[in-house]
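>>> coordinates for the following, if possible.
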Amino acid sequence: MTTPDKTPPGADPKQLERTGTVREIGSQAVWSLSSCKPGFGVDQLRDDNLETYWQSDGSQPHLVNIQFRRKTTVKTLCIYANYKSDESYTPSKISVRVGNNFHNLQEIRQLELVEPSGWIHVPLTDNHKKPTRTFMIQIAVLANHQNGRDTHMRQIKIYTPVEESSIGKFPRCTTIDFMMYRSIR
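Presented below is the predicted three-dimensional model:
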């Protein structure tokens with residue numbers, strides 16, 4: 001059992017992006033859910049709005065499946081939870097699993113959450129702080145506060161480390177004005 005990363009409680013993961021050391025890659029994945037109430041699905045989980053949420057609709061565990069088209073380096077998973085708003089719908093025990101597909105997932109983190117409020121930063125690194133390379137991430141909600149049945153998750157973000165340029169060393173563009181020029185596509 002581990003606790004979330006020692007990031008200040010509720011710290012906005014966009015601050016991580018502004019450092020220029022990581023970038024959010026959730027848009028590169030295919031997302032699926034074990035269940036959801038109509039109008040409370042993947043779109044709400046990924047809409048950058050902390051007032052919306054995914055709501056499961058069925059028995060536990062509740063699953064969020066994140067599949068990449070190619071093996072991808074992932075460093076940090078950020079989940080937004082709000083106990084004051086969601087009460088018994090708030091996850092209290094979460095398992096994070098990685099693998100090539102549904103058939104070989106391995107648990108790399110299990111978290112106990114006590115009335116979380118804000119962003120929960122989950123490192124997806126090994127014992128040597130090396131990021132994980134995977135085709136798939138699965139987040140399993142194993143239990144909710146107050147023995148709640150269905151769950152709410154408000155946002156999920158996935159970050160990969162930004163690699164140094166092979167052309168040469170350039171200063172990191174960390175101001176908001178320069179962020180749109182940080183990579184060439």
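>>> hmm, Ser35 is touching Gln60, no?
No: applying Cβ atoms under 8 Å, one finds Ser35 not in contact with Gln60, separated by 10.3 Å. To be clear about C-beta, it is placed using only N, CA and C from the backbone, and glycine gets the same treatment.
>>> so the two - more neighbours on which side?
Gln60 (18 against 15; other Cβ atoms under 10 Å).
>>> that one and Pro91, how far apart?
Taking Cβ to Cβ, to the nearest Å as the measure, Gln60 falls 10 Å from Pro91.
>>> shared neighbours of these two, anything?
Val141, Ala143, Asn144, Thr151 (Cβ atoms under 8 Å, 6 or more residues apart in numbering).
>>> number of nearby residues for the second one?
Okay, so that is Ala143. Ala143: 15 surrounding residues under other Cβ under 10 Å.
>>> excluding chain neighbours, what is closest to it?
Nearest non-adjacent residue to Ala143, counting by Cβ to Cβ, 6 or more residues apart in numbering: Lys93, 4.0 Å away.
>>> strands of the chain, start to end?
Counting by DSSP state E, the chain has strands at residues 22-24, 29-33, 54-55, 62-74, 76-82, 91-99, 106-112, 117-123, 132-144, 152-153, 155-161.
>>> what residues are up against the residue nearest to Asn100 when sequence neighbours are not counted?
Excluding its sequence neighbours, the residue lying closest to Asn100 (Cβ to Cβ, 6+ apart) is Phe135, at 4.8 Å. By Cβ under 8 Å, 6+ apart, the contact list for Phe135 reads Gln67, Phe68, Arg70, Lys71, Thr72, Gly99, Asn100, Asn101.
>>> ranking by neighbours, what's the top pick from those?
Thr72 (20 neighbours).
>>> that residue contacts Met136, correct?
No: assessed by Cβ under 8 Å, Thr72 is found out of contact with Met136, at 9.4 Å.
>>> any idea how far Arg69 is from Val122?
Distance from Val122 to Arg69, by Cβ to Cβ: 23 Å.
>>> what's the answer for Gln28, then?
From Gln28 to Arg69 the distance is 7 Å (Cβ to Cβ).
>>> please report how far the closest residue to Gln55 other than its chain neighbours lies from Trp54.
Once flanking residues are discounted, Gln55 sits nearest to Phe40: 3.9 Å by Cβ to Cβ, 6+ apart. According to Cβ to Cβ, Phe40 and Trp54 sit 6 Å apart.
>>> tell me which of those two has more neighbours.
Neighbour totals were compared for Phe40 and Trp54, and Trp54 leads with 24 against 19 (other Cβ under 10 Å).
>>> now Pro61. Nearest residue, chain neighbours left out?
Excluding the flanking residues, the one nearest Pro61 by Cβ to Cβ, 6+ apart is Ala140, at 4.3 Å.
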